[in-house]
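Peer 1: The following comprises the amino acid sequence and a computationally predicted model.
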Number of protein chains: 2
Amino acid sequence: MTVTLADVAARAQVSPATVSRVLNGNYPVAATTRERVLRAVDELDYVLNGPASALAAATSDLVGILVNDIADPFFGIMAGAVQSEIGGPGGRAGGERLAVVCNTGGSSERELTYLTLLQRQRAAAVVITGGAVEDPLHAEAMAGKLRRLGEAGTRIVLCGRPPVQDTGAIALAFDNRGGGRRLTEHLLDLGHRRIGYIAGPEERTTTRHRLEGHRDALKAAGVDECATVHGPYDRRSGYEATRELLRQDPDLTAIVAANDTVALGACAALREAGLRIPEDVSVAGFDDLPFSVDVVPALTTVRLPLYEAGARAGRIAMGREAEPPGKMSVIAGELMVRGSTARPRT
Amino acid sequence: MTVTLADVAARAQVSPATVSRVLNGNYPVAATTRERVLRAVDELDYVLNGPASALAAATSDLVGILVNDIADPFFGIMAGAVQSEIGGPGGRAGGERLAVVCNTGGSSERELTYLTLLQRQRAAAVVITGGAVEDPLHAEAMAGKLRRLGEAGTRIVLCGRPPVQDTGAIALAFDNRGGGRRLTEHLLDLGHRRIGYIAGPEERTTTRHRLEGHRDALKAAGVDECATVHGPYDRRSGYEATRELLRQDPDLTAIVAANDTVALGACAALREAGLRIPEDVSVAGFDDLPFSVDVVPALTTVRLPLYEAGARAGRIAMGREAEPPGKMSVIAGELMVRGSTARPRT
DNA sequence: ACGTAGATAGAAAGCGCTTGCTATCGAGGG
DNA sequence: CCCTCGATAGCAAGCGCTTTCTATCTACGT
């Protein structure tokens, strides 16, 4: 059998209670006793039984992080940031917390399933990243689940997603709408009038907000909306959408993509069509992922402070940073003008 | 209080034992009884207490995944693949498993710490990705930890890392040496003789193997080794290393980078120095991350089947795929020749 | 010198679930 | 018609830890 608390206690000639207290450091123990216990722990290679501890103490050191796609740096960066903040000092036993990263693949059911699994583990906190699916049924199920989680003592922070009413969840939302608007304004300022738009998957808040910002800008400038195509947030989608866009409107002079990854696909399709960037067609992305500055030409995009947002979400989840007033904070993006956008040919 | 098994039992007018058996589905229960229990579970919104269950059953549904950097797609892709395989059917209660992704940041101590934490949680399995640190002390500590984990019933799979003796851990190693050799051979075939090398961080297996492959190729061709610079696996390192390389040998005609991300930095530095790729200097990477085909010119690199390897590691960890003979399998890389390499100027 | 507060340590009662063993019931077999 | 066996369900003993309450012992204050 594996070594238990009792074994350590026997070896150190103290009661199990004392060993527990030494390990948790939340109760006065004489230095010599502590010494003896620690030595026994070491000699026996004792490792605390997490489930037993969690059961008895009714707490756990697991923190859940929900992401759409762990292979996408957009989420990876946020997840890494959250993780870097939840460990470290504070709390019990060295305050070691484990991050449970859950890949929802953007599916709302899996989102719910994972939340149930985290609830089952009695997670200390949950950080949910990425936009929400805008299905009323799902929204309701989600709200209910979050409410129950909150009641069970799990802290919930939404990172890059709009607030969910009546759940007590804290929301750190990105200003996708403002970013989308500024990006299109930039293109309009350069003189573009025929701007194709590659939107993300439908029925998602992020997609809608970015698209709304785009339309706001067009409307304010009195410019008619040009072709818009929806697709997933991946490179392939950008490639295919661009071919479609070019078919619908061969005269467009600029393309705005749902995010940087999609923009990459768009660039590939454009080049394949023999069009130069930005001389023939300007391209803009969103997010400013690390590679965006390296592609040639460097991508004009809207920078989202992903790491900072994730870190903040992590701190709030751990109660190490005050919640924003109104349990909600909007994080602005910053327009990064680079080589992929220029004046249209005259 | 939250709802417990006993509450469900009371409502369904059965014993707690029966509820447990319905939930775990590992014991015959009459259809009508099961029906009644399930209804009660539903009506009470009951969620199993994971820690209690894990304690009583001495098993857990947590699977650990160790990665160096979750924000790096190299690891993100593998982690996502592992995760996609560990869920799904098989095992208890719908077989829902939770992936605990641990960011070691490449630090060997944190690696050990996380393993202890996973041991504490009595993880069902652990998948360790990324190269190992080659410090004898650490290697020994690691071997001991893995052995103890294995003895406690945790299945261990190393993914992209060489085997550790006497631990029973299964290893899926990448053929970094062979890949490195082929890459340099390709450059030599093109006619390059002055090839700068940007290696990864020192004292790591991945770094060493790739570098050895490079040197093997040079030696076989009777070509003298050119400048080599070490640095972390990130873009910035590639940028700085390239400036250094150019300083050491202004006449080099090709640069081999430790991985694609580093290669990106190298490209940036070369362009900044007014050098064209591949006309003036050829550049090659390693890994073939998704963006590598999109940069301009597209990167010549060695493709590693990251997703497939991760998926396989996940399946082996879940016991759904036979272990490779000798508990070890070498996964080859594939040379992808693209636009970033060409004959040197004559 | 005696009472008492303060500092430690131990005893024991669970935390909520799983599971080996036992009990019950009905259906066949002899 | 009695006995045995198969199918279900319940009992109760833990799993290994935390924590409340109690017991000791030492050190002072007066």
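Peer 2: Received, thanks.
Peer 1: Backbone dihedrals for A:Val330, please?
Peer 2: phi -100, psi 130 (degrees, to the nearest 10).
Peer 1: ok, now A:Val67?
Peer 2: Taking degrees, to the nearest 10 as the convention, A:Val67 sits at phi -130, psi 160.
Peer 1: ok, now which ones touch it?
Peer 2: By CB atoms under 8 Å, 6 or more residues apart in numbering or on different chains, A:Val67 lies in contact with A:Phe75, A:Gly76, A:Met78, A:Ala79, A:Val101, A:Cys102, A:Asn103, A:Thr104, A:Thr129, A:Gly130. Every C-beta, even on glycine, is put in place using the N, C-alpha and C of the backbone.
Peer 1: Count the residues that sit near A:Ala57.
Peer 2: Look at A:Ala57: counted by other CB atoms under 10 Å in any protein chain shown, it has 13 neighbours.
Peer 1: Within range of DNA strand C, give me the residues from chain A.
Peer 2: Within chain A, the positions near DNA strand C by CB under 7 Å from any atom of the strand are A:13-18, A:28-30, A:32-33, A:55-56, A:58.
Peer 1: Let's see which of the residues you listed end up in helices.
Peer 2: The helices, defined by DSSP state H, take in A:Pro16, A:Ala17, A:Thr18, A:Thr32, A:Thr33, A:Leu55, A:Ala56 from these.
Peer 1: Tabulate those residues (CSV), appending pLDDT and neighbour count.
Peer 2: Conversion of these to CSV gives the following (pLDDT from 0 to 100; neighbours: other CB atoms under 10 Å in any protein chain shown):
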residue, pLDDT, neighbour count
A:Pro16, 96, 14
A:Ala17, 96, 11
A:Thr18, 97, 21
A:Thr32, 94, 8
A:Thr33, 95, 16
A:Leu55, 97, 20
A:Ala56, 97, 13
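Peer 1: re earlier: from the contacts of A:Val67, which ones fall inside strands?
Peer 2: Mapping these onto strands (DSSP state E) picks out A:Val101, A:Cys102, A:Asn103, A:Thr129.
Peer 1: among those residues, who's most crowded?
Peer 2: Going by other CB under 10 Å, A:Val101 tops those with 32 neighbours.
Peer 1: And for the helix or strand containing A:Glu109, what's in contact with it?
Peer 2: Per DSSP states H and E, A:Glu109 falls inside helix A:108-120. In this structure, residues lying in contact with helix A:108-120 by CB under 8 Å, 6+ apart are A:62, A:64, A:66, A:100, A:102-104, A:126, A:128, A:133, A:135, A:138, A:141-142, A:145-146, A:148-149, A:152, A:154, B:47-50, B:96, B:98.
Peer 1: quick one: low-confidence parts of the stretch 51-200 of chain A?
Peer 2: Residue ranges of the stretch 51-200 of chain A with pLDDT under 70: A:88-95.
Peer 1: about what we covered before: return the distance of the helix holding A:Glu109 from the chain's centre.
Peer 2: Using CA atoms, centre = their mean, to the nearest Å, the mean C-alpha position of helix A:108-120 is found 16 Å from that of the whole chain.
Peer 1: same check, this time on stretch A:271-282
Peer 2: The answer for stretch A:271-282 is 32 Å, by CA atoms, centre = their mean.
Peer 1: tell me how far the ends of it are from each other?
Peer 2: Terminal residues of stretch A:271-282 are spaced 12 Å apart (CA to CA, to the nearest Å).
Peer 1: all helices of the stretch 151-300 of chain A, in order?
Peer 2: A:176-190, A:205-220, A:235-248, A:260-272 (DSSP state H, counting those that start in this stretch).
Peer 1: Burial-wise, tell me which of those helices comes out on top.
Peer 2: Burial of these is given as mean neighbour count (mean count of other CB atoms under 10 Å in any protein chain shown); helix A:260-272 ranks first at a mean of 24.
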